[in-house]
Every structure is written in structure tokens, then in C-alpha cells.
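A.B. asks: could you work out the structure for the sequence below:
(2 chains)
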Number of protein chains: 2
Amino acid sequence: MGATIGIVIFPEVQLLDVAGPLDVLSGVDGIEVRLIGSTSEGVRPDGLANVTLAPDDILAQAEPDVLMVPGGDGIRFLLEDASALGRLAQIGAQARFVTSVCTGALVLGAAGLLRGYRASTHWRYLDLLRLVGAIPSDERVVRDRNRITSGGVTAGIDFGLALVAELQGADAAKARQLMMQYDPKPPFDAGDPRGAPPQIVAELSARTRDNYERRATLLRARMAG
Amino acid sequence: MGATIGIVIFPEVQLLDVAGPLDVLSGVDGIEVRLIGSTSEGVRPDGLANVTLAPDDILAQAEPDVLMVPGGDGIRFLLEDASALGRLAQIGAQARFVTSVCTGALVLGAAGLLRGYRASTHWRYLDLLRLVGAIPSDERVVRDRNRITSGGVTAGIDFGLALVAELQGADAAKARQLMMQYDPKPPFDAGDPRGAPPQIVAELSARTRDNYERRATLLRARMAG
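C.D. replies: Next up is the predicted model:
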């Protein structure tokens, strides 16, 4: 039994949020990954003029078995688009799994898909999940019933492998992990705010404050509306 | 002081070999990443009709501070192209660092750039490095003088962060690691042939035997030529 994974794409999506799961999942027998755009136009990831992602389907017509929303600066386009959020809510209601990488969870939340669910997202935006009625969890990959959400950017690889295990079994996931040689050795203990030097956490938090506030405002407006 | 990183792209490159380092490096102040093609035409990664990588420079004219060759099925196009290998040898002779992810090391080797150097590559092809006069090492990221080579696919993230530390200092690398939340939690101990179940290692080795033999033949022909 196979499954189609629909990854939602948009301008300024974070490349690795898409490329991690895409590379993991598209190498597995029985799994088909399709990119879903608001329109049929190709999109450029955040900051990259030399990469184009082209939709296989448009949001209005897509019916994937697994819905996946990645993150990135461009989530604002979805958070501001009531019609796209409405359509995501419909797709999510039909899907076998509703999933996200990084700040894609804020989009799922704005679509009303995380109300009452434990969920994860990029550490910097984790507490914003409360605004959409979710219960923030700082685990790397969080499953609550048929919701599977994950942490920031690189967590998409762990997420992708967890999804392979769910859909095609643990042996398929282990084979994929071996093929991708996913035996990570991060050069520093700095990938999580609990381990990173406090000064670096503080600097990054300050640098992302505007983005944090803008996202909070968009989510509050959505929930009030 | 900044640096330009030139990532060589070609048809059927492995997406994550490019996207991992690209996402890590392009988010760092002072680092510019440019994609280098044999021609100015865009290329599709292995197995993916919905992703296009567009060259910023062509091989004949590129002069990056850091040369990086990724891997993937399409390395055969480079291994068969004496003129491209000759140009890579020239670029490598001038570059501050000569680097690779995954089977990109076989291309560096075919260009004569790893003779007498310790080097790494995807575990399945590690012993092929002997054919090009390199000394195989199964560490995830291997530095020997100004050569920095890394293991299969996902090792590109560890490599990218190590390169940031080298070029812009440890604090810049830690900040990038935190932003990308690179605190990996692989779901299984299966990312390396030493940890993976022996049956899965044997199956993958069997499935990739033809590719292994073809690459060995290309490298032997190149070294004899």
C-alpha cells in the first residue's frame, strides 16, 4: 500500500524544510511526493535566486494522503490568505496524516488544524502555538493522533524518516536512513536553545523579534476573525 | 573577510547534497554561494521533476574561493568528461579549500585533487577512493590540509557547519546551527553500516552493486588515461 505526500510550497519557503523530507521520502518505494502550490507558478525559496520549486498540483485540487506544510519567511503569504487556509483545513480534514516542518506548524494552526493537539515548531516560535489552541512541545518530532509536527529546519529529516516508518514500516525507514548516511555528528552542541551558548540564543532571539511579533499579530488576527 | 563557495551542479545531482550546504552557508553573513554548471542550463536533481537548480556561473569561468562537488547518480557525467575534470583540477589548484559531499569526492579524485590526501565519501563507495590515490577515512567530515570531504548525503549539513566555522569562526557556525535547530535525533541507529542491521546493509549493497562497478570502471579508465 502506497501513499502520496503533498508538500505545500510558497515563495520564500525555507529550502531545507522542503528538501530534507523530499529527499528522504522520494527515495522510498510506494511513496510519491507532490509539491502543491497556491497557483501553478514555480516559487523561489527564501534568499535563493538559483533554485525553483514547481508545483505538481494546485491547492484547490490537491487531495494528498499526507498533508505537509514547511516553514520559512514566506509563511506570511499563507497566514494572510483566508482562502488558502480554508482549503488547507479541508485537505487536513480528509488526510491520513496532517504534518509540518519548522514554522509550517503555525500555518496548520492558523487553519484550525492543531486545536487541542500537542505540537512542535521552530524553537523561536514555539510558544506562538498557544495562540492557535495547540499545546507546545519541544520534542523534535511530535505525534498526537494523526498530527505529526516537527522542530526547526533540519528536523525535517528526522520527521521524514519517522513518516517513512509510519507509512512503510521500520525496515524501509532504516534502509533509507542508511542510504542517506544519516548518522549525524553536529560540530557543536548548539542546535537547541538548551545547549547553545546563552549569548548566541539571546542574539538570535533579538534578531528575530520583528518576525516573531509579526507572526503573533497575524495569528491573533486570524483567531479573532 | 568573506568567501564565495562554488557548488558544482549537474543533471541527477542528489538534491540534499546541494540543499544541505546551500541552506547552511547562504544564511551566513560574508559567505556567498554560487552554483556552477557545465553549461548555463538549469539541471534537475536525481528523480525530481519539480526542482530546478540554475547555474550562477559556468565551469569555464568560475573562480570560487571554495570549490564544492556534491554527489549523486549524475557524477557519471563528470567522470566521463575529461574537459570538465581538467577545469576542476585548475579551479582546485587555485581554491582556498577543495571540498565535497557524498560521492562528489570521486569526482575530485578523478580530477587528481585527492592524490595523497585522507578523504571521505558515501560509505558504499569509500574504498573506491583508493583508485584515485586517496586514503579512505570513514569519519563524517575529513580535513586534510585544504581538502575537506564528507560522508553520504546528510553529511553535507555537518560539512556546511564545519566550513562556516573555518571561514567565519565558531560563533558564526553555532548561530547558524541554532537557527537551523540542528540537534538531530535520528529515529533509528541505522545511518552507518556499523550500526545498521546487517541484512539491510547487505540488501543496499546488492542493490547498488551495478552502480559501484560502473563507477569503479570509470575511475580506472580515468586513472589509466
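
A.B. asks: what segments of chain A are helices?
C.D. replies: A:15-26, A:75-79, A:82-94, A:104-110, A:155-168, A:170-179, A:198-207, A:209-224 (DSSP state H).

A.B. asks: quick check: which of these is nearest to B:Pro184?
C.D. replies: helix A:155-168 (6.4 Å; Cβ to Cβ). Where C-beta positions appear, they are placed from N, C-alpha and C, glycine not excepted.

A.B. asks: got the angle for the closest one vs helix A:170-179?
C.D. replies: Orientation of helix A:155-168 against helix A:170-179 (axes from the mean of the first three to the mean of the last three Cα atoms, to 10 degrees) gives an angle of 150 degrees.

A.B. asks: what about A:Phe77, distance to A:Glu12?
C.D. replies: 8 Å (Cβ to Cβ, to the nearest Å).

A.B. asks: then A:Gly27?
C.D. replies: Distance, A:Gly27 to A:Glu12, by Cβ to Cβ: 26 Å.

A.B. asks: so which of the two has more stuff around it?
C.D. replies: More crowded of A:Gly27 and A:Glu12, by other Cβ atoms under 10 Å in any protein chain shown: A:Gly27, with 20 against 16.

A.B. asks: look up how far chain B lies from the residue in chain A sticking out farthest from the centre.
C.D. replies: Taking Cα atoms, centre = their mean as the measure, the residue most remote from the mean C-alpha position of chain A is A:Gln199, 27.4 Å away. For A:Gln199, the distance to chain B equals 9 Å [Cβ to the nearest Cβ, to the nearest Å].

A.B. asks: cool, and A:Thr4?
C.D. replies: Relative to chain B, and taking Cβ to the nearest Cβ, A:Thr4 is found at 13 Å.

A.B. asks: do the same with A:Asp183
C.D. replies: From A:Asp183 over to chain B (counting by Cβ to the nearest Cβ), the distance is 3 Å.

A.B. asks: same deal with A:Val51?
C.D. replies: Distance from A:Val51 to chain B, by Cβ to the nearest Cβ: 6 Å.

A.B. asks: one step back: ok, which of the helices of chain A comes nearest B:Pro21?
C.D. replies: helix A:15-26 (10.1 Å).

A.B. asks: so what's A:Gln181 up against?
C.D. replies: By Cβ atoms under 8 Å, 6 or more residues apart in numbering or on different chains, A:Gln181 lies in contact with B:Cys102, B:His122, B:Trp123, B:Gly151, B:Gly152, B:Val153, B:Thr154, B:Ala155, B:Gly191, B:Asp192.

A.B. asks: repeat the analysis, applying 6 Å as the threshold.
C.D. replies: Contact analysis of A:Gln181 by Cβ atoms under 6 Å, 6 or more residues apart in numbering or on different chains lists B:Trp123, B:Gly151, B:Gly152, B:Val153, B:Thr154, B:Gly191.

A.B. asks: ok, now A:Asp46?
C.D. replies: Here A:Asp46 is in contact with A:Glu12, A:Gln14, A:Gly72, A:Asp73 (Cβ under 6 Å, 6+ apart).

A.B. asks: cutoff 10 Å now
C.D. replies: A:11-15, A:17, A:71-74, B:23, B:26-27 (Cβ atoms under 10 Å, 6 or more residues apart in numbering or on different chains).

A.B. asks: excluding sequence neighbours, find me the nearest residue to A:Gly116.
C.D. replies: Sequence neighbours aside, A:Gly133 is the residue nearest to A:Gly116 in space, at 6.3 Å (criterion: Cβ to Cβ, 6 or more residues apart in numbering or on different chains).

A.B. asks: my guess is that neighbour contacts A:Gly112, does it?
C.D. replies: Yes: using Cβ atoms under 10 Å, A:Gly133 is in contact with A:Gly112, at 8.1 Å.

A.B. asks: widest-spaced pair of the contacts of A:Gln181?
C.D. replies: When Cβ to Cβ is used, the two most widely separated members of the contacts of A:Gln181 are B:Trp123 and B:Thr154, lying 11.8 Å apart.

A.B. asks: more neighbours: which of the two?
C.D. replies: B:Thr154 (30 against 24).

A.B. asks: what values do phi and psi take at the closest residue to that one other than its chain neighbours?
C.D. replies: Spatial nearest neighbour of B:Thr154, excluding adjacent residues (Cβ to Cβ, 6+ apart): A:Tyr182 at 4.5 Å. Backbone geometry at A:Tyr182, expressed as degrees, to the nearest 10, gives phi -90, psi 80.

A.B. asks: tell me how far A:Tyr182 lies from B:Met180.
C.D. replies: From A:Tyr182 to B:Met180 the distance is 15 Å (Cβ to Cβ).

A.B. asks: contacts only, for A:Ala190.
C.D. replies: A:196-197, A:200-201, B:161, B:170-171, B:173-179, B:182-183.

A.B. asks: could I get the pLDDT score of the nearest residue to it once chain neighbours are set aside?
C.D. replies: Nearest residue to A:Ala190, sequence neighbours excluded (Cβ to Cβ, 6+ apart): B:Lys174, at 3.8 Å. At B:Lys174, the predicted lDDT confidence score is 98.

A.B. asks: B:Lys174 reaches A:Asp192, doesn't it?
C.D. replies: No: counting by Cβ under 10 Å, B:Lys174 stays clear of A:Asp192, with 11.4 Å between them.

A.B. asks: find the residues that touch each one of these two.
C.D. replies: A:Val201.

A.B. asks: so those two - more neighbours on which side?
C.D. replies: Of the pair B:Lys174 and A:Asp192, B:Lys174 is the one with more neighbours under other Cβ under 10 Å, namely 25 against 19.

A.B. asks: for the spatially most central residue of chain A, give its distance to chain B.
C.D. replies: Nearest to the mean C-alpha position of chain A, counting by Cα atoms, centre = their mean, stands A:Val101 at 2.2 Å. From A:Val101 across to chain B, the span is 10 Å (Cβ to the nearest Cβ).

A.B. asks: one more: A:Ile36?
C.D. replies: From A:Ile36 over to chain B the distance is 10 Å, taken as Cβ to the nearest Cβ.
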